[in-house]
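Engineer: Fold the following.
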Amino acid sequence: MAKKDEKTNVMRVLEQKNIPYTPHLYPSDGPIDGVSVAGFLEQDVEQVFKTLVTRGASGAYYVFDIPVAENLDLKKAAKAVGEKSVAMIAQKELLPLTGYIHGGCSPVGMKKQFPTVFHETVILFDTICVSAGKVGAQVEVDPNDLITLIGAETADLTVN
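Structural biologist: Take a look at the predicted model:
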C-alpha cells in the first residue's frame, strides 16, 4: 500500500471496502496524457482507463471509463445509459461536481456516485488501472471489484 501521507480518498475508499489495490505513482510536473501514463507505469494502454464525465439530454450526469488510447463514442455512450444524447461537461464543472480535477478524475470516491459504465473490454483483464484521485497517482485493481463497488455496467463505448 502507499505511504500514509500519499493516500488519496480513492485509496481510503478501497481500503474501507477491503478491496486490494496496488498504488502506482508517475511524474506529474506538467501536462500528461493517458498513453504517457501507461508508458510510465509500464502498463498496456488497454488496461489503463480514463474517467470521463458527461451530461445527458435529461440533465443527468454519467461517468464513462474507457482505455486511455481510445475516444468515447457519444452516441454509443448515450445508448448505454438510455439517453437521447450525452455531451462532455466543461472542464471547469469537473471539480465542483466530482471533487476531482482534470487528469485526476476517478470513478471511485466522487462527491456523488453517478451512473457509471466501463468499456466492455474491462472484463478481459485481471487488473486495470484508474486514477487514484490526483494527477500523478493510479491504482491497479481487479475490474470486477470496481464494477461491484460502484454498481457500474459495461458496454461498447469507443469509436471504432
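
Engineer: Point to the residue nearest the middle of the chain.
Structural biologist: Centrality entry for the chain: nearest residue to the mean C-alpha point is T51, 3.1 Å, by CA atoms, centre = their mean.

Engineer: can you list the weak-confidence ranges in this structure?
Structural biologist: When the per-residue scores of the chain are filtered using pLDDT under 70, the ranges that remain are 1-5, 30-31.

Engineer: Please enumerate the strands of it.
Structural biologist: In order along the chain, the chain carries the following strands (DSSP state E): 22-25, 49-56, 61-67, 86-88, 116-119, 128-131, 137-141, 153-155.

Engineer: Tell me which of those strands sits nearest to S106.
Structural biologist: Closest approach to S106 among those is made by strand 128-131 (4.2 Å; CB to CB). C-beta coordinates here come from the backbone N, C-alpha and C atoms, glycine included.

Engineer: Distance of the closest residue to the residue nearest to the centre of the chain other than its chain neighbours relative to K79?
Structural biologist: Using CB to CB, 6 or more residues apart in numbering and skipping residues adjacent in sequence, the residue nearest T51 is C105, 4.5 Å away. With distances taken as CB to CB, to the nearest Å, C105 is found 23 Å from K79.

Engineer: give me the number of residues near T121?
Structural biologist: T121 is surrounded by 19 other residues when neighbours are defined as other CB atoms under 10 Å.

Engineer: Correct me if wrong: it contacts E46.
Structural biologist: Yes: under the criterion of CB atoms under 8 Å, T121 lies in contact with E46, with a separation of 6.5 Å.

Engineer: What count of nearby residues applies to the nearest residue to T127 once chain neighbours are set aside?
Structural biologist: Excluding the flanking residues, the one nearest T127 by CB to CB, 6+ apart is E140, at 4.9 Å. Using other CB under 10 Å, E140 is surrounded by 19 other residues.
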